[in-house]
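[1] Predicted model and sequence follow; I will ask about them next.
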Amino acid sequence: MLNPVLAIRSFCFPPIPEAIRTDFALMTAAQLQKQARLLFMAFLVTTPTAALANAEGANGWVRFATPLAMALFCLAGFFSLSRDLKIGRSARRANHMIRESTYVSCLIAVMCSAWCVHSWLGAPVQTRIYYPVIIALGAFSTAYCLGCIRAAAIGNIVINIAPMTVLLFTSGNRMDFAAGTSLLVASLFQLRMIDANHRGIINLLELQRRARELAQSDPLTGLLNRRALLDAAPQIAPGAPLRLLLIDIDNFKTINDLHGHVVGDLVLCEVARRLQIRAGSIARVARIGGEEFAILGAAADLPAALALGIVADVRGTAMPHGGQVTISIGVADAVVSDDDAWRQLYQRADVVLYDAKQGGRNRAVEAAPISLADRTDAPGAARQSGPDRSRPIAA
């Protein structure tokens, strides 16, 4: 049986998919910061009219204190949101702003609703119809600005509209009843629009997330692509050495030629799976292109012996084509702070990968520590022979 409390809670506080929760908070806070400033300014301009619109004989708290409190709230809110709070760059600040906006907007709604109800009860019959109009326009404007925060928008509509609707329905005047019906229908449409806006934002963010994933992943294996690996490099261990393992499947062309590209793709996927298992959560795994893969992580987290374990693991894995697959690995270390440093690291790993293949394949070779003489940007310089440029990794 459907629990009405849970149903209402699910509608007002819908779960945001975990994958886009941060993006949703940042987008919502940035949108709110722009729209709420206009709302505060609009309320500030209309606050003096609240004092004039009070029913005759209203006490000082209703006639002056409430409009004054509203004006102070609006001024504080406007100046707070006019500062550069870096909302769009901090998920923590964005979530704090969303919670604060929900509470503050509902508090203001309570004040407005109390003022409106008190004014209705004390006004002559021929003028009290103005108060539902005033509260409805304010509530719908607020809900529009808070539309990205569904709980706040719904709370404002309910707090502002519900008391006046009840008064209209129970006044005994048929025109009040008609006005209350119209107000209720308009509120329901507004709630429907809030829900549609909320779902639209979620769908947009999920599409954007999916587009980012497709742009940064290899469509065959699901691993990162070369661009994504480059983007991740400076974030893995800032200021500390990184270790890059370049991995190439030996004689992969023969597999494609003998068994076809479909089987070749299955072999690529199986090798990718073994690499991902070996790397675990301590390193990033990418398919660089063709039959070449890479593992990148902090040098302290990736012992050189890991390369030997990967070679043995792939060699001992049953492959889709029914035969054995071997790989060659080139290993190099460097501190990566920019694209040039990444290119040098990649070039050094590529050089020792070439040495591994030239030395008989099915092996791992490590680049010697970089020296001043090795630092060159000349094309092809990395493949100049030298006795100390690499060394096989020993078990």
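    Looks like it came in fine. Computed from a predicted structure; not experimentally measured. Numbering: from 1, shown residues only.
[2] a strand runs through A307, doesn't it?
    No - counting by DSSP: H, G, I helix; E, B strand; the rest coil, A307 falls outside a strand, being helix.
[3] how close does it get to A151?
    A307 is 52 Å from A151, where distance means Cβ to Cβ, to the nearest Å. Bear in mind the C-beta positions are built from the backbone N, C-alpha and C, glycine included.
[4] who's more crowded, those two?
    A307 (26 against 20; other Cβ atoms under 10 Å).
[5] Surely that one and V331 touch.
    Yes - the pair A307 / V331 is scored as a contact, 5.4 Å apart, by Cβ atoms under 8 Å.
[6] what residue ranges in the stretch 1-150 of the chain score low on pLDDT?
    Filtered on pLDDT under 70, the stretch 1-150 of the chain yields the residue ranges 1-14, 50-63, 83-89.
[7] In the stretch 251-395 of the chain, what residue spans correspond to strands?
    In the stretch 251-395 of the chain, the segments counted as strands under DSSP state E, counting those that start in this stretch are 283-289, 292-298, 327-334, 364-367, 390-392.
[8] Same list (those) but as a markdown table, adding mean pLDDT, distance to A211 and mean neighbour count.
    Formatted as a markdown table, the strands of the stretch 251-395 of the chain follow (pLDDT from 0 to 100; distance: least, Cβ to Cβ, whole Å; neighbours: other Cβ atoms under 10 Å):
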| stretch | mean pLDDT | distance to A211 | mean neighbour count |
| --- | --- | --- | --- |
| strand 283-289 | 93 | 19 | 21 |
| strand 292-298 | 94 | 23 | 22 |
| strand 327-334 | 94 | 32 | 25 |
| strand 364-367 | 92 | 36 | 25 |
| strand 390-392 | 67 | 40 | 17 |
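[9] is it possible to export the ones you listed to CSV including distance to D355?
    Shown next, in CSV, are these (distance: least, Cβ to Cβ, whole Å):
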stretch, distance to D355
strand 283-289, 18
strand 292-298, 15
strand 327-334, 7
strand 364-367, 5
strand 390-392, 5
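[10] per-residue pLDDT, the nearest residue to H321 once chain neighbours are set aside?
    Spatial nearest neighbour of H321, excluding adjacent residues (Cβ to Cβ, 6 or more residues apart in numbering): H259 at 4.6 Å. We have a pLDDT of 94 for H259.
[11] Look at H259 and say how many residues are nearby.
    H259 is flanked by 17 other residues according to other Cβ under 10 Å.
[12] So it sits against M319, correct?
    No - counting by Cβ under 8 Å, H259 stays clear of M319, with 9.9 Å between them.
[13] returning to that earlier point: closest one to G239 among the strands of the stretch 251-395 of the chain?
    Among the strands of the stretch 251-395 of the chain, strand 292-298 comes nearest to G239, with 10.7 Å by Cβ to Cβ.
[14] Just list what that closest one packs against, helices and strands only.
    Using 3 or more Cβ pairs under 8 Å, 6 or more residues apart in numbering; DSSP states H and E, the elements in contact with strand 292-298 are helix 226-236, strand 242-249, helix 261-279, strand 283-289.
[15] Pull out the buried residues from the longest one.
    Neighbour-count burial for helix 261-279, counted by 16 or more other Cβ atoms under 10 Å, picks out 263-264, 266-272, 274-276, 278-279.
[16] Kindly reformat these as a markdown table containing pLDDT.
    Shown next, in a markdown table, are these (pLDDT from 0 to 100):
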| residue | pLDDT |
| --- | --- |
| V263 | 95 |
| G264 | 95 |
| L266 | 96 |
| V267 | 96 |
| L268 | 96 |
| C269 | 96 |
| E270 | 95 |
| V271 | 96 |
| A272 | 95 |
| R274 | 95 |
| L275 | 95 |
| Q276 | 93 |
| R278 | 91 |
| A279 | 90 |
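[17] Pick the one among these closest to M193.
    Q276 (44.5 Å).
[18] Which residue comes closest to that closest one once chain neighbours are left out?
    Leaving aside its chain neighbours, Q276 sits nearest to V285 (5.2 Å; criterion: Cβ to Cβ, 6+ apart).
[19] just checking, the one you found touches R274?
    No - using Cβ under 8 Å, V285 makes no contact with R274, being 10.0 Å away.
[20] check contacts around the spatially closest residue to V311 that is not a sequence neighbour.
    In this structure, V311 finds its nearest non-sequential neighbour in A364, 5.6 Å apart by Cβ to Cβ, 6+ apart. Going by Cβ atoms under 8 Å, 6 or more residues apart in numbering, A364 touches A304, A307, L308, I310, V311, S328, I329, G330, V331, A356, P392, I393.
[21] Roughly how far does the second one sit from I327?
    Distance of A307 to I327, given as Cβ to Cβ: 10 Å.
[22] cool, the third one as well?
    Separation of L308 from I327 (Cβ to Cβ): 11 Å.
[23] same deal with the first one?
    Counting by Cβ to Cβ, the gap from A304 to I327 is 16 Å.
[24] picking that back up, just the contacts of A364 now: which is nearest R21?
    R21 has its nearest neighbour among these in I310, at 34.9 Å by Cβ to Cβ.
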